[in-house]
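Enquirer: Build me a structure from this.
(chains A and B)
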There are 2 protein chains.
Amino acid sequence: MAGANIHGYDFGKSQVALSPVSLQELREIEATLGWSDEDARVLARHRDIFEKHAEEMVDTWRAVIGSQPHLAKWFFAPDGKPDEAYKAGVKKRFVQWVRDVASRPHDPAWLDYQEEIGLRHTPVKKNKTEGTLTPDVVPLRFLIAFVPVVTMSTRTFFAAVPDNERRQLEDAWAKAVQLHVTLWARAYAKDGLW
Amino acid sequence: MAGANIHGYDFGKSQVALSPVSLQELREIEATLGWSDEDARVLARHRDIFEKHAEEMVDTWRAVIGSQPHLAKWFFAPDGKPDEAYKAGVKKRFVQWVRDVASRPHDPAWLDYQEEIGLRHTPVKKNKTEGTLTPDVVPLRFLIAFVPVVTMSTRTFFAAVPDNERRQLEDAWAKAVQLHVTLWARAYAKDGLW
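Expert: Take a look at the predicted model:
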């Protein structure tokens, strides 16, 4: 099973949060994004790229995070230094997330795990998986604002995709990332406003 | 002055909300997005495109909204029909927003107006400008999820931009839109989580 040996990668497990988002609401969000079956298919057709380069992609983003103190600080222990146990634990799941984006269907188990990921960025569940003492939130503004880095930096890994499909793949990836952040944002919103 | 005759376009006016976001925090968000002075410059170099086509762009997005009941309903009066006064009022400011994205510097007045726009999508200020009775929120999920439509549909208006600058313009526009949504999201977030 994908990610079976990753600590805290609880996809499909009973301890994962239950998403309050219905499949009907998910389909509405997908429609809002312009997400279509063809987007899912183009990601699946090129899943090898994500399988092979997932860790490199995460390393690219982590380098950006590490270079910006306002992004790096959410990974720090109370002593003001990077919490390496936290960083290493999160990284494995972040790499698996890349692979999942390219291959997982948007079904109830997937929806529940997005709820779980959102909560793990907020005081409800941050630090719980690793038992660490980093700050108890990654502020929503950085989650939303980091999307262009995640989408634009990834193009370099799509260089070998034929011209007539590369843009389609870039767009599908961009829509998929925005969809995930949309779902993660639920954990941050005031009641009734998400 | 730009937009001087638009009802409720209160950019720079004393009745606008004061943003609690500092310029330092704004620069952090910009850095997170990969936003640079060059992004501002490429938008400014092509501001004529936005000036000329702003209304067409909004019409494009409005057509998408109108075709999806879960998006259209936030513009409805209590009788379940589109509130034309609300739609018309909002549209003028939406068109002006497009022009502003391409030309306004990211200064304190701009920051305050983004706070105001965010609030006008939530129960704090929605309907106040037009004195209407549409639902009192545009849910955050639709605000975030609509970004790819706004960024990708706009490419058609960039067709005449030289090859070596078109992608740069598309990216600057995408980053700018994401920045605005990031700031608008503040009004939706629980205390301390934005």
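
Enquirer: quick one, longest helix in chain A?
Expert: In terms of residue count, the longest helix belonging to chain A (DSSP state H) is helix A:163-184.

Enquirer: What's the mean pLDDT across it?
Expert: The average pLDDT within helix A:163-184 is 97.

Enquirer: That helix - contacts with which helices or strands?
Expert: Here helix A:163-184 touches helix A:23-33, helix A:37-45, helix A:84-103, helix A:108-119, helix A:140-145, helix A:147-152, helix B:140-145, helix B:147-152, going by 3 or more Cβ pairs under 8 Å, 6 or more residues apart in numbering or on different chains; DSSP states H and E. Yep, even glycine has a C-beta here, placed from its N, CA and C like the rest.

Enquirer: Which residues does it contact?
Expert: Contacts to helix A:163-184, defined as Cβ atoms under 8 Å, 6 or more residues apart in numbering or on different chains, come from residues A:19, A:21, A:29-30, A:33-35, A:38-40, A:42-43, A:45-46, A:97, A:101, A:111, A:114-115, A:117-118, A:121, A:143-144, A:147, A:150-151, A:154-155, A:158-159, A:161, B:141, B:144-145, B:147-148, B:152.

Enquirer: nearest to A:A54, of the helices and strands packed on helix A:163-184?
Expert: In terms of Cβ to Cβ, the element of those nearest to A:A54 is helix A:84-103, at 3.9 Å.

Enquirer: Does chain B have contacts with that closest one?
Expert: No. Using Cβ under 8 Å from any Cβ of the partner chain, helix A:84-103 stays clear of chain B, with a minimum separation of 14.7 Å.

Enquirer: hmm, back to that, how about the helices and strands packed on helix A:163-184, which one is nearest A:R186?
Expert: helix A:108-119 (5.7 Å).

Enquirer: Return the set of buried residues in that closest one.
Expert: For helix A:108-119, burial by neighbour count (16 or more other Cβ atoms under 10 Å in any protein chain shown) applies to A:W110, A:L111, A:D112, A:Y113, A:Q114, A:E115, A:E116, A:I117, A:G118, A:L119.

Enquirer: Identify, from the residues you listed, the entry nearest to A:W194.
Expert: A:G118 (10.1 Å).

Enquirer: Check which residues of stretch A:151-169 are buried.
Expert: Under 16+ other Cβ under 10 Å, the buried positions of stretch A:151-169 are A:T151, A:M152, A:T154, A:R155, A:F157, A:F158, A:V161, A:R166, A:Q168, A:L169.

Enquirer: what's the span of stretch A:101-113 from first residue to last?
Expert: 12 Å (Cα to Cα, to the nearest Å).

Enquirer: Oh, that last question was meant for stretch A:143-151, not what I typed.
Expert: 13 Å.

Enquirer: Average pLDDT for that stretch, rounded please.
Expert: The pLDDT scores in stretch A:143-151 average 98.

Enquirer: Other residues contacting that stretch?
Expert: By Cβ under 8 Å, 6+ apart, the residues outside stretch A:143-151 that reach it are A:61, A:64, A:71, A:121, A:170, A:173-174, A:177-178, A:181, A:184-185, B:29, B:32-34, B:144, B:171, B:174-175, B:178-179, B:181-182, B:185.

Enquirer: A:H121 - nearest residue in space that isn't next to it in sequence?
Expert: Of all residues not flanking A:H121 in the chain, A:V138 sits nearest, at 4.5 Å (Cβ to Cβ, 6 or more residues apart in numbering or on different chains).

Enquirer: Hmm, that neighbour is touching A:K73, no?
Expert: No. With contact defined as Cβ atoms under 8 Å, A:V138 does not reach A:K73; the gap is 9.8 Å.

Enquirer: what stretches of chain A score poorly on pLDDT?
Expert: Residue ranges of chain A with pLDDT under 70: A:1.

Enquirer: interface residues of it facing chain B?
Expert: By the rule Cβ under 8 Å from any Cβ, the part of chain A lying against chain B is A:28-29, A:31-34, A:64, A:68, A:70-71, A:122-123, A:137, A:139-142, A:144-149, A:152, A:171, A:174-175, A:178-179, A:181-183, A:185-186, A:188-190, A:192-194.

Enquirer: Name the residue closest to the centre of chain A, please.
Expert: Among the residues of chain A, the one closest to the centroid is A:W97, at 5.6 Å (Cα atoms, centre = their mean).

Enquirer: what's the distance between the closest residue to that one other than its chain neighbours and A:Y9?
Expert: Excluding the flanking residues, the one nearest A:W97 by Cβ to Cβ, 6+ apart is A:I117, at 7.5 Å. A:I117 sits 10 Å away from A:Y9, going by Cβ to Cβ, to the nearest Å.

Enquirer: what does A:E30 give?
Expert: 24 Å.

Enquirer: between the buried residues of stretch A:151-169, which is nearest chain B?
Expert: Chain B lies nearest to A:M152 out of the buried residues of stretch A:151-169, by Cβ to the nearest Cβ, at 6.3 Å.

Enquirer: show me the contacts for the closest one.
Expert: If you count contacts by Cβ under 8 Å, 6+ apart, A:M152 has them with B:G34, B:D171.
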